[in-house]
Each structure stands twice: as C-alpha cells, then as structure tokens.
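J.: Give me coordinates for this.
(4 chains)
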Protein chains: 2
Amino acid sequence: MAARAGVSRATVSRVVNGDAGVREVLAEKVRKAVDELGYVPNRAARSLVTRRHDAVAVVIAEPETRVFADPFFALQLRGISKELTSRDVQLVLLLTEGRDDHERVGRYLSGGHVDGALVFSLHLDDPLPGIIQGAGVPTVFGGRPGWPEGTVTSPYVDCDNRGGARDAVRHLVSLGRTRIAHITGELDQTSAVDRLDGFRDVLPDAGERFVARGDFTPAGGERAMRELLDRVPDIDAVFAANDLTASGALRVLRERGRRVPEDVAVVGFDDMLAVAEQVDPPLTTVRQDIEEMGRLMARMLLAKGELPAESVVLPTKLVRRGSA
Amino acid sequence: MAARAGVSRATVSRVVNGDAGVREVLAEKVRKAVDELGYVPNRAARSLVTRRHDAVAVVIAEPETRVFADPFFALQLRGISKELTSRDVQLVLLLTEGRDDHERVGRYLSGGHVDGALVFSLHLDDPLPGIIQGAGVPTVFGGRPGWPEGTVTSPYVDCDNRGGARDAVRHLVSLGRTRIAHITGELDQTSAVDRLDGFRDVLPDAGERFVARGDFTPAGGERAMRELLDRVPDIDAVFAANDLTASGALRVLRERGRRVPEDVAVVGFDDMLAVAEQVDPPLTTVRQDIEEMGRLMARMLLAKGELPAESVVLPTKLVRRGSA
DNA sequence: TTGAAAGCGCTAACAA
DNA sequence: TTGTTAGCGCTTTCAA
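T.: Just a heads-up that it's a prediction; the model follows:
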C-alpha cells in the first residue's frame, strides 16, 4: 500500500485518517493507491493502538419478545443506526434474556470491547442500569430509567411524556368533554407513569374509575376500553397511553356502537404512522420524534467527554386528525 | 497478568483459549489470576494475529420500518443472538435504508471486519444478495432469496412454506369445507409466493376470486377479507398467509356477523403466540420454529468450511385451536 | 510441558 | 511536510 503510493506508511495513515499536513500531491497519490488496491484499514490493528473501538453496544433488555416487536424500538434503532453509520461506528447488538444475562452484559461492557453503550431498560425494577453504571462505560439511556432521581448518573433521552399527556387531555377538555378517561400503559415503565401523571395534572379530580390499566398493546386497549364502558357508560373521551392502545379502544367503541369522535373522542400517543393514519377514524395523537431520539442518543454518546452530557427531554406535539 | 500467575504470556494464552497441554497446576494458577485481576483478553490484539474477528454481521435490508417491527424478526434475531452469545461472537447489526446503502454494506462486508454475514433480504428484486455474494464473505440467508435457483450459492434457512400451506388447506378440506379462499402475503416475498403455491397445490381449480392479496398485516387482512366476502359471500373457509393477516380477517368476519369456525373456518401461519392465542377464537395455524431458524443460521455460518453448508428447510406443524 | 521471541497492521512520537 | 521507529496485546512458531 505504502509502496504502491511511493510514500511511508505513516503518510498513508495520515491521509486515510484525514489528518492535516500532507501535501495535496502526495495525498492524491495515496487516495489513488487506496482506490486501486481497494485498501481498507484493519480495524483491529487500529484499535490496538488508538484504544478506541469505533463500536457502540446497543443493549435491549427485554424478556418478552413483544417489546422488541414494538415499532417504537425499530424506529429508535433506525435512528441510532443512521447516526452510527454516518460516523463509521459499529453497532453491536446485545439482547438480554432474563436476569442471568445481565451479568454477562455487565462483563461484556466492562471488558472494554466498545466505546460506549446505548441502553434500553424498560422496567422500573430492572437491575441492569445499576450493573451498567458499575461497568464504567459511557452510557446513554433510552427513556428515563426508573430509578430515584440522582441515582443514575448517565444521561437519558426521552420525550416529554408528561407534558404531551397534558396537551392531549387539555385538548379533550377544550373540546368540551367532561367525562374523560385514561387507559394507561404498562405501569412498570416510566413512560406509562409519566403519561398517567400528565393526565392527573389536568384532571386531578378524575376518579379512579376513569383510569383503566392497559399495557401498550391493542389487546390491552380493548380490555381496558370494555372495563371503562362498563364502569362509566356515558364516558365522552379517552386518552390512550399509546396509539396501539387507542386502536384497540377504537375497535371496542365501534363494536359497542359508539361513534368516534361524536360520542367519544379519542387521543393516542406516539404518532406511529402505521397505526395512527390507518385506523378509522384517523387518530388524533401526540407526536414524538422517535427516530430523532435514537439519533440523539448516539450523538450524545459519541460526544461525551467533549460536553458534559445532560439528559434531554424532547418536546411533543399534538397532531389533530379525525378522532378528537 | 502473566506475572501475577508466575507464568509466561504464552501459557496464559493457552489456558485462556482452552488449548490442551498445560499442566493442571499451572492452569489453575492462571485461572485464579484471571479471576482476581478481572482479566479480559483484548479482542483487537487477538484478532490482529488470528485474523478472525469473532463477529458476525446481521444485515436487515428493509426500507420500511414495518417489517422490522414484525415479531417474526424479533424472534429470529433472538435465536441468532443466543447462538452467537453462547459462542462469544459479536452481533454487528447493519440496517439498510434504500439502495444507496447497499453499496455501503457491500463495502463493509468486503472490508473483512466480520467473519460472516446473516442476511435478511425480503424482496424478490433486491440487489443486496448479489452484492453480498460479490463481497466474498461467508453468508447464510434468512428465508429463501428470491433469485433463480442456482444463482445464489450461499445457503439459506427457511421453513417449509409450501408444505405448511398444503397442510393448512388440506385440514380445511378435511373439515368438509368446499369454498376455501386464500389471503396472500406480500407477493414480492418468497414466503408469500410459496404459501400461495401450497394453496394451489391442493386446490388447483380454485378460481381467482378465491384469492385476495394481502400484505402480512392485520389491515391488509381486513381489506382482503372484505373483498373476499363481497366476491364470494358464501365462502366457508380462509387460509391466511400469516397470523396477523388472519387476525384482521377474523375481525371483519365478526363485523359481518359470520361465526368462526361454524360459518367460516380460518387458518393462519406462523403460530405467533402473541397473536394466535390472543384472538377470539384462538387461531388454528401452521407453526414454524422461528427462533430455531435464527439459531440454525448462526450455527451454519460458524460451522462453514467444516461442513459443506446446504440450505435447510425446517418442517412445519399444524396447530389446532378454535378457529378451524 | 513451558518459555522466548517474532510479528499481526496500525498510529503516534520523534527526528529529519 | 515526511519518514523512521517503537509498540499496542495477543497468538504462534520454535527451541529448550
């Protein structure tokens, strides 16, 4: 390679890495040789000396397959992938299967095989965040970890779940609705808790019977909607914890002969287009830019050290469609 | 490390890699030192000399987010992840976004950063398989690639889509059904084509009006079911290309007042438990062991060279529940 | 059975 | 601005 370009290996290295201080004539020669030989630097050799890996672990801690199947993850992963790709950083995927795996992941991260970790840990009692903190790897969490404020020092990226929920409920209020219910998400996840809190912020006096527990799935939405209709037959609005839940609720409302939005107005959360635009009527919902959250996580991780990384909470936006 | 155990680096290396020919006394000393020091071998240094990477790329070529969100992928990825983890091989995830990315992936794979690739390319006209063949990396495909027989030399792992479909339709026939329809999957994927072929194997005389095009989604299933009922009101059975499609079909059947299975029997495909067991009535469906397919892909890839790797088609099994 | 020594391909410090 | 050199941490001959 160096021979082909008629320069030293050091110069090749400088050109390949875009270091300044190489005469354009030489640089051009090197680039030509690179092209001709299809030269690709050996990551291992580079890593050995730079002590960087140009690799980031994405840890998805989820015993249940269902969650991985949530379009939510897919989108976030897309965002991460795009950002990493553009910086030529490898995405090493770590899926965990129950508690035993946590230790394994901890070991892996401590092992110094990656430059950092992007961690999705959905459940409030998950020990993984703690283990990862202990591993001493730069980490950014996806979604606010369910730990007491201050315990976790790594930053997270989340959307304003509580504020978004408030917007949704306020919108229903502004429509003149007075018997507004909420179908929660899986309440061992902070996003579900935060959305419930937002609901309560606006309607502190809503009774318990206006809140039904869901689990972020359409089936959960159906179940909860039935409960609500049984408990409060004259309900006139529902704020669902996410779009999938809302889609289930819509189905039950139709089945029970309630018109949407005339009889019951429905608002979702996420603005998952594949759901929100497909249901009938199209869903009024709270949009969060999921892919951007993924991107941002990657950017923060790779920028760490340069900037003291604070957690970021992205704004949401109410998107009006037919359902409310 | 070597100092701590009082042996040479060479001996440490032998113990860590499980090479034979080290006295147990020494081996024990080394293991003790490893534990105490929390020693983890440096992958880069190892890779530099062994010219292996202990890393495998998983390439998911899918412009649409939807497909990644399919539980199908999640399960297969789980299987892959388990197998790789147990062998201490890294899973490097490569997501592609449209055609431009294909070249990038090709370059990456040619670059010799991984020991092999597991590739999911869903669409018949996808250029990616060709590019990957050219990259000269050991590859195993997930699902039969939509290329003329013999063009692609890398093996694939798939389930017996055609045979499974035949079983499903034969089951409906054995139930005495005579007006059996099929809702297809996305027909630019081989799995959808094969299942349609299986349907036609058993019912070569079924007219075109008994076949409605779906796309593997519940919404597609609903649409197709409506079409079918409009075209053939006295239909008495439906074989849906997958469980999600079947769930959509069930919804429409209920909406139109058809009883399942009394009026219309329904069979799905996949045995996605989250769907098949949840719908009402529970779905009779064709089971494929998706996670095992993922496992097998990884195993084949890592065994290549040792065995001449032939493609593997796993058997399916009809699972009877309430819908047929 | 063990150790000494070479060297994998690269970058970074230093010298020219 | 460029080249020379040392060395990253491991495995793998080869010799003892």
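J.: From A:I132, how far off is the nearest residue to A:P127 once chain neighbours are set aside?
T.: Among residues not flanking A:P127 along the chain, A:H102 sits closest, at 5.9 Å (CB to CB, 6 or more residues apart in numbering or on different chains). Every C-beta, even on glycine, is put in place using the N, C-alpha and C of the backbone. Distance, A:H102 to A:I132, using CB to CB, to the nearest Å: 9 Å.
J.: longest helix in chain A, by residue count?
T.: helix A:71-86 (DSSP state H).
J.: list the helices and strands that helix packs on?
T.: strand A:55-61, strand A:90-96, strand A:116-121, helix A:290-303, helix B:65-68, strand B:90-96 (3 or more CB pairs under 8 Å, 6 or more residues apart in numbering or on different chains; DSSP states H and E).
J.: Surely A:R14 is within a helix?
T.: Yes. Under DSSP: H, G, I helix; E, B strand; the rest coil, A:R14 sits within a helix.
J.: Report the contact partners of it.
T.: Neighbouring residues of A:R14 by CB atoms under 8 Å, 6 or more residues apart in numbering or on different chains: A:21-22.
J.: how many other residues sit next to A:F120?
T.: 22 (other CB atoms under 10 Å in any protein chain shown).
J.: For it, name its beta-bridge partners.
T.: For A:F120, the beta-bridge partners under DSSP bridges are A:I60.
J.: And it, what's its pLDDT?
T.: Looking at A:F120, its pLDDT stands at 89.
J.: now do A:P308
T.: 60.
J.: and the residue in the stretch 51-200 of chain A positioned nearest to DNA strand D, how many neighbours?
T.: The nearest approach of the stretch 51-200 of chain A to DNA strand D comes at A:R51, 7.3 Å away (CB to the nearest atom of the strand). A:R51: 11 surrounding residues under other CB under 10 Å.
J.: Where does the stretch 101-250 of chain A get nearest to chain B, residue-wise?
T.: Distances between the stretch 101-250 of chain A and chain B by CB to the nearest CB are smallest at A:G111, namely 4.0 Å.
J.: Look up how far A:A135 lies from the closest residue to that residue other than its chain neighbours.
T.: Take A:G111 and drop its neighbours on the chain: the residue closest to it by CB to CB, 6+ apart is B:V40, 4.0 Å away. Separation of B:V40 from A:A135 (CB to CB) stands at 12 Å.
J.: Please say which of the two ends up with more neighbours.
T.: A:A135 (17 against 14).
J.: And for the one helix or strand A:T285 maps to, what's in contact with it?
T.: Using DSSP states H and E, A:T285 falls within strand A:284-287. Around strand A:284-287, the neighbours that count as contacts under CB under 8 Å, 6+ apart are A:164-165, A:167-168, A:171, A:243, A:246, A:265-271, A:276, A:316-324.
J.: Restricted to helices, list those.
T.: Reading helices off the contacts of strand A:284-287 with DSSP H, I get A:164-165, A:167-168, A:171, A:243, A:246, A:276.
J.: still on that earlier bit, the residue nearest to A:G111: helix or strand, and which one exactly?
T.: Going by DSSP H and E, B:V40 is not part of any helix or strand.
J.: surely A:Y108 meets A:L93?
T.: No. A:Y108 lies out of contact with A:L93 (CB atoms under 8 Å); the separation is 11.6 Å.
J.: So between these two, which is more surrounded?
T.: A:Y108 (23 against 18).
J.: Which residues are in contact with the residue nearest to A:R4 when sequence neighbours are not counted?
T.: Nearest in space to A:R4, with sequence neighbours left out and distances taken as CB to CB, 6+ apart, is A:A33 at 4.2 Å. For A:A33, the contact set (CB under 8 Å, 6+ apart) comprises A:1, A:4-5, A:12, A:39.
J.: Need the buried ones from those selected in ChimeraX.
T.: To isolate the buried ones among the contacts of A:A33 in ChimeraX, judged by 16 or more other CB atoms under 10 Å in any protein chain shown, type:
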select /A:5,12,39
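J.: So the residue of the stretch 101-250 of chain A closest to chain B sits against B:A44, correct?
T.: No. Under the criterion of CB under 8 Å, A:G111 makes no contact with B:A44, lying 11.7 Å away.
J.: who's more crowded, the two?
T.: Neighbours per residue, other CB under 10 Å: of A:G111 and B:A44, the larger number sits with B:A44, 22 against 16.
J.: What pLDDT does the model give that one?
T.: 97.
J.: do the same with A:A3
T.: 83.
J.: same check, this time on A:L128
T.: pLDDT, A:L128: 83.
J.: I'd say it and A:V59 touch.
T.: Yes. Using CB under 8 Å, A:L128 is in contact with A:V59, at 7.3 Å.
J.: so what's in contact with those two at the same time?
T.: With CB under 8 Å, 6+ apart as the test, A:L128 and A:V59 both reach A:96, A:105, A:119, A:121.
J.: The last one: neighbour count?
T.: Yep, that's A:S121 we're talking about. Neighbourhood size, A:S121 [other CB under 10 Å]: 25.
J.: For it, list the residues it contacts.
T.: Counting by CB under 8 Å, 6+ apart, A:S121 has contacts A:59, A:61, A:128-129, A:141, A:145.
J.: Closest one of those residues to B:D115?
T.: Taking CB to CB as the measure, B:D115 lies nearest A:V59 of those, at 22.3 Å.
J.: Extract the C-alpha set from stretch A:279-286 and format it as CSV.
T.: C-alpha atoms of stretch A:279-286 as CSV (Å, rounded to 0.1, in the frame of the first residue of the first chain):
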residue,chain,number,x,y,z
VAL,A,279,-57.3,3.4,11.9
ASP,A,280,-60.8,4.6,11.3
PRO,A,281,-61.2,7.5,12.1
PRO,A,282,-57.5,8.6,11.8
LEU,A,283,-56.1,9.2,15.2
THR,A,284,-55.5,12.5,16.9
THR,A,285,-52.3,11.8,18.8
VAL,A,286,-49.2,13.2,20.5
